[in-house]
Structures are given as C-alpha cells and as structure tokens.
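Asks: next come a sequence and a model predicted from it.
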Amino acid sequence: MVDNKRKHKYTNSRNNAYSFSKKKESEAKEIFYWCIEHYKFWIALFSIFGGICVACYKFGMFISDVESKIEYNNLIQENNEKLAKQKSE
C-alpha cells in the first residue's frame, strides 16, 4: 500500500512537470509567432537602432577629424614660429 502511494505521488509529480513544460512550450510558441506576425515592428526597431549606431559612429569620426585638424594646425603654427625665429636670427 505504501508503494502505491509513492507511485501515485511520483506519477502526479511527473504529470505536473509534463503539463508545466507543455504550458511553457505553448507560451514560447505564442511569443515566437507574435514576433513573426509583428515583423514590421522588428524591422523598424532594427532600422532605428542601426541609425543610432551610424549616427554615433559619424559623430565620433567628426570629433576625431576636428581634433586631428586642430592638432595639425597647431603643428603648422609651431613650425611657422620656428621658421620666423630662424629668419630673424
């Protein structure tokens, strides 16, 4: 009789775990199908994210370009000052 109770508990827990996994599987399928049905949303989201990434990249390139131009102009100015000193001597 004890074995029957244990077996019954074991069977119940297996059935509960099986129904829980089936429930999770059906929820996952629902989410998957929702994502497929709303593909325009994902395309728009990807486009917006890509646009933000490109804008940040371009802004970074612009900043580095400005910094390099400033550095280049400073070097030219220093060279001009050195040449002016050499000519005056």
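Replies: Right, received. Where do you want to start?
Asks: okay, now the domains of this structure?
Replies: Following the assignment in automatic domain parsing, the chain carries domains at 1-37, 39-89.
Asks: quick one: low-confidence parts of this protein?
Replies: Across the chain, the ranges flagged by pLDDT under 70 are 1-20.
Asks: can you do 50?
Replies: Applying pLDDT under 50 to the chain flags the ranges 1-2.
Asks: could you pull out the helices for it?
Replies: With DSSP state H as the definition, the chain shows helices at residue ranges 2-37, 39-88.
Asks: with mean neighbour count added, can I get the domains of the chain in TSV?
Replies: All C-beta atoms are positioned from the backbone trio N, CA, C, and that covers glycine. Supplementary listing: these in TSV, determined by neighbours: other CB atoms under 10 Å:
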stretch	mean neighbour count
domain 1-37	10
domain 39-89	10
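Asks: how close does residue 87 sit to residue 80?
Replies: Noted for residue 87: a distance of 11 Å to residue 80, by CB to CB, to the nearest Å.
Asks: for residue 64, see how far away residue 42 is.
Replies: Computed with CB to CB, the distance linking residue 42 and residue 64 is 33 Å.
Asks: same check on residue 80?
Replies: According to CB to CB, residue 80 and residue 64 sit 25 Å apart.
Asks: do the same with residue 22
Replies: Between residue 22 and residue 64 the distance, using CB to CB, works out to 55 Å.
Asks: for residue 88, same thing?
Replies: As judged by CB to CB, residue 88 and residue 64 stand 36 Å apart.
Asks: what do you get for residue 83?
Replies: From residue 83 over to residue 64 (counting by CB to CB), the distance is 29 Å.
Asks: over to residue 49?
Replies: Taking CB to CB as the measure, residue 49 falls 23 Å from residue 64.
Asks: again with residue 76
Replies: Residue 76 is 19 Å from residue 64, where distance means CB to CB.
Asks: try residue 31
Replies: Between residue 31 and residue 64 the distance is 42 Å, computed by CB to CB.
Asks: now do residue 40
Replies: Applying CB to CB, the value for residue 40 to residue 64 is 36 Å.
Asks: fine, thanks again, bye for now.
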